[in-house]
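Participant: Sharing a model that was predicted from the sequence below.
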Amino acid sequence: DSTAPSMASNLLNETHKRHLWWMQKLGPDESTAMISLASHMVHNGETHDTEKQIQSAADKLGVEADDVSNALSALSHLTTETARQSLAEQDLKDALASIGLSGDSAAAVARGCVESRDQARQDLEEGAGARFVSYKSCDWRLECTVGSRSLRSIAEPGYLLQVETEEGGVVKQHTLQTDHASLKTTVASLKAAILEAGGGHYRKVVRLT
């Protein structure tokens, strides 16, 4: 996708670059600890222990508390954007590489963001007062009349679908009935939507909404 590099470069700005540059010297374990702390802050917000946690991290890493605080702010932004845009690990590595952060440190940060994506997405939904329906499973059955009193009757197969979704932790079942032509059109539309969702244009739109 020719638009992917520009999307990655726009994910983090110059301020984020200034706040994250020093993490290049960190090892994977230290970077993992930083992204874990950022994810914890996204989930719980700032608490009375936040300042102590920041100072403790600064002491262990041998840097100023302000450096840790600023880096956590940038990492929190990256965590929430990962959830909001459903970013993949490679997307995050590209974004980090665009500000000069690469190697094991960047890999650990990208992996941590992806691992916390579901929880961060749930936090975003709750904060916005919204609930997004997610697909869980679909069972289907082909139905066709095999006998009729009318010799001129034409068999018209139909499909009975049972779709299972989840919304706000509640699982719901939906029973749908359709004919072959309608089902074929629906499948084609869904495939087209999936292809669109993987493109750079869709991601840009998501970032602006």
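Facilitator: Received, thanks. Not measured: the values here are computed from a predicted model. Residues are numbered from 1 along each chain as shown.
Participant: what's the burial count for the nearest residue to residue 120 once chain neighbours are set aside?
Facilitator: Take residue 120 and drop its neighbours on the chain: the residue closest to it by CB to CB, 6 or more residues apart in numbering is residue 83, 3.7 Å away. Where you see a C-beta, it was placed from the backbone N, CA and C, and this is true even at glycine. Using other CB atoms under 10 Å, residue 83 is surrounded by 21 other residues.
Participant: element containing residue 83?
Facilitator: helix 65-85 (DSSP states H and E).
Participant: List the beta-bridge partners for the nearest residue to residue 173 once chain neighbours are set aside.
Facilitator: The shortest distance from residue 173 to any non-neighbouring residue, by CB to CB, 6+ apart, is to residue 164 (5.4 Å). Going by DSSP bridges, residue 164 is paired in beta bridges with residue 137, residue 173.
Participant: quick one: the strands in this structure?
Facilitator: For the chain, applying DSSP state E gives strands covering 134-143, 158-167, 170-179.
Participant: so residue 35 sits right up against residue 108, yeah?
Facilitator: Yes - between residue 35 and residue 108 there is a contact at 6.9 Å, judged by CB atoms under 8 Å.
Participant: residue contacts, the residue nearest to residue 173?
Facilitator: By CB atoms under 8 Å, 6 or more residues apart in numbering, the residues touching residue 164 are 135-138, 171-174.
Participant: separation between residue 35 and residue 185?
Facilitator: Between residue 35 and residue 185 the distance, using CB to CB, to the nearest Å, works out to 44 Å.
Participant: Likewise for residue 138?
Facilitator: 17 Å.
Participant: swap in residue 161?
Facilitator: For residue 161, the distance to residue 185 - CB to CB - is 14 Å.
Participant: Give me the below-cutoff pLDDT ranges for this structure.
Facilitator: Where the chain drops to pLDDT under 70, the residues are 1-10, 123-132, 145-155, 168, 197-209.
Participant: the helices in it, which residues?
Facilitator: Counting by DSSP state H, the chain has helices at residues 4-11, 14-20, 28-44, 50-61, 65-85, 89-97, 103-115, 117-128, 180-197, 200-208.
Participant: Any chance of TSV for the ones you listed, columns distance to residue 156?
Facilitator: Below are those laid out as TSV (distance: least, CB to CB, whole Å):
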stretch	distance to residue 156
helix 4-11	45
helix 14-20	59
helix 28-44	52
helix 50-61	64
helix 65-85	43
helix 89-97	46
helix 103-115	46
helix 117-128	42
helix 180-197	8
helix 200-208	37
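Participant: Got phi/psi on residue 12?
Facilitator: Main-chain torsions, residue 12, degrees, to the nearest 10: phi -120, psi 130.
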